[in-house]
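# Sequence and computational prediction follow.
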Amino acid sequence: NNHCPSGLYWISAKSSPQQVYCDMDTTACGVRGVMRIAYLDTNVSDICPNNLTKYEVNGKTMCGRHDLTVPCDSVYYPSHGVEYSNICGRAVGYAHSGGNTCAFYWSSTTFFWYDNSINGLYVSGVTITRGPSDSRTHVWTYASGHREDPTSHCNCPCAPGGTASPNFVGNNYFCESATKYRPQNQWYTNYTMWQGNCYEGSNCCPDDGRPWFNVTLDSPT
């Protein structure tokens, strides 16, 4: 019913009836009745999923990798067996610029855990995939570039010298940098990533709908 408000509803799922949140507003995804699969807002709750660690820096609370020196940690959210053909969502966060931070990684022995595949380290940021772990496919990536100036292969593709995204990512990504010049090894909590409110002079902040992404699948799944 398109006239119902956003809120919790019971739906018929393959396993058993499930209570889920349905977004009945068209502002974010363009359609009504979008089932929420994942929700994480540290302004509402400071409890992070088991696979992530809570960081509190400069009055900001965020969830991230257990160890900032290792490639990645992941969180799984079930779709309850409900068939879908469209995925939309948003992610915002804060950058931590360490010595090994790159938007998209390239083939280099400098990063011994580099693997330019969907199961390897290919980005600094947040990536969203779907499907079983042994056959998952890419949906969207939020990448954090090293800087915008000067030239660096760790920059976003839109910045000087930036490395292109992997083929399986294609154009399904947003990429920004928290600082224009050489970053320090610290959190940049003064700049919220991927919201489209870039600093003056940025080349990596087009009017492309960020922070919301919207992907239509080739076939329902």
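Sure, I can see it. Keep in mind it's a predicted model, so treat the numbers as computed, not measured.
# Only C-alpha atoms from now on, for both contacts and neighbour counts.
Noted.
# Now do the strands in this protein.
According to DSSP state E, the chain carries its strands in the segments 7-11, 18-23, 34-35, 53-57, 60-64, 86-90, 93-97, 125-130, 137-145, 173-177, 186-193, 212-216.
# So which other helices or strands are in contact with the helix-or-strand element of the chain with minimal mean pLDDT?
Least confident helix or strand of the chain, by mean pLDDT, DSSP states H and E, is strand 93-97 with a mean of 85. Applying 3 or more CA pairs under 8 Å, 6 or more residues apart in numbering; DSSP states H and E, one finds that strand 93-97 makes contact with strand 186-193.
# Residues contacting the strand it packs on, please?
57-58, 60, 92-98, 144, 176-178 (CA atoms under 8 Å, 6 or more residues apart in numbering).
# Just the buried residues of those residues.
92-97, 144, 176-178 (16 or more other CA atoms under 10 Å).
# From those, pick the one nearest Ser85.
Val92 (24.0 Å; CA to CA).
# Hmm, that closest one is touching Trp194, no?
Yes - when contacts are counted by CA atoms under 8 Å, Val92 is listed as touching Trp194 (5.8 Å).
# and for these two, which residues touch both?
Joint contacts of Val92 and Trp194 (CA under 8 Å, 6+ apart) are Pro211.
# contacting residues for the residue nearest to Tyr173 when sequence neighbours are not counted?
Nearest residue to Tyr173, sequence neighbours excluded (CA to CA, 6 or more residues apart in numbering): Thr141, at 4.5 Å. Applying CA under 8 Å, 6+ apart, we find Thr141 in contact with 125-128, 169, 172-174.
# Using PyMOL, make a named selection holding only the buried ones among those residues.
Buried members of those, defined by 16+ other CA under 10 Å, are picked up in PyMOL with:
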select buried, resi 125+126+127+169+173+174
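# Any chance of the contacts of Thr141 in TSV with pLDDT and distance to Cys198 as columns?
Below are those laid out as TSV (pLDDT from 0 to 100; distance: CA to CA, whole Å):
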residue	pLDDT	distance to Cys198
Gly125	90	17
Val126	92	18
Thr127	93	21
Ile128	94	23
Val169	93	23
Asn172	94	19
Tyr173	93	16
Phe174	93	12
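# Between the contacts of Thr141, which sits nearest Tyr9?
Ranked by distance to Tyr9 (CA to CA), the contacts of Thr141 are led by Ile128 at 24.9 Å.
# How about that closest one: which residues does it bridge to?
Trp140 (DSSP bridges).
# Surely it and Ile118 touch.
No - using CA under 8 Å, Ile128 is not in contact with Ile118, being 10.4 Å away.
# who touches both of those two?
Applying CA under 8 Å, 6+ apart, one finds that Ile128 and Ile118 are jointly contacted by His138.
# Pick the one among the contacts of strand 186-193 closest to Tyr21.
Of these, the one sitting nearest to Tyr21 (CA to CA) turns out to be Val92, at 20.5 Å.
# Retrieve the pLDDT associated with Ser165.
pLDDT, Ser165: 90.
# and stretch 132-144, how far from the chain's centre?
Relative to the centre of its chain, stretch 132-144 is centred 9 Å away, using CA atoms, centre = their mean, to the nearest Å.
# Just the C-alpha atoms of that stretch, please, in PDB.
Extracted in PDB, the C-alpha atoms of stretch 132-144 (Å, rounded to 0.1, in the frame of the first residue of the first chain):
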ATOM      1  CA  PRO A 132      27.500 -16.100  -0.900                       C
ATOM      2  CA  SER A 133      31.100 -15.500   0.100                       C
ATOM      3  CA  ASP A 134      32.400 -17.800  -2.600                       C
ATOM      4  CA  SER A 135      30.500 -16.200  -5.400                       C
ATOM      5  CA  ARG A 136      29.600 -12.700  -4.300                       C
ATOM      6  CA  THR A 137      29.300  -9.800  -6.700                       C
ATOM      7  CA  HIS A 138      30.100  -6.100  -6.300                       C
ATOM      8  CA  VAL A 139      27.300  -3.600  -5.700                       C
ATOM      9  CA  TRP A 140      28.900  -0.200  -4.700                       C
ATOM     10  CA  THR A 141      32.100   1.100  -3.200                       C
ATOM     11  CA  TYR A 142      32.800   4.200  -1.100                       C
ATOM     12  CA  ALA A 143      36.600   4.900  -1.600                       C
ATOM     13  CA  SER A 144      38.900   7.200   0.500                       C
END
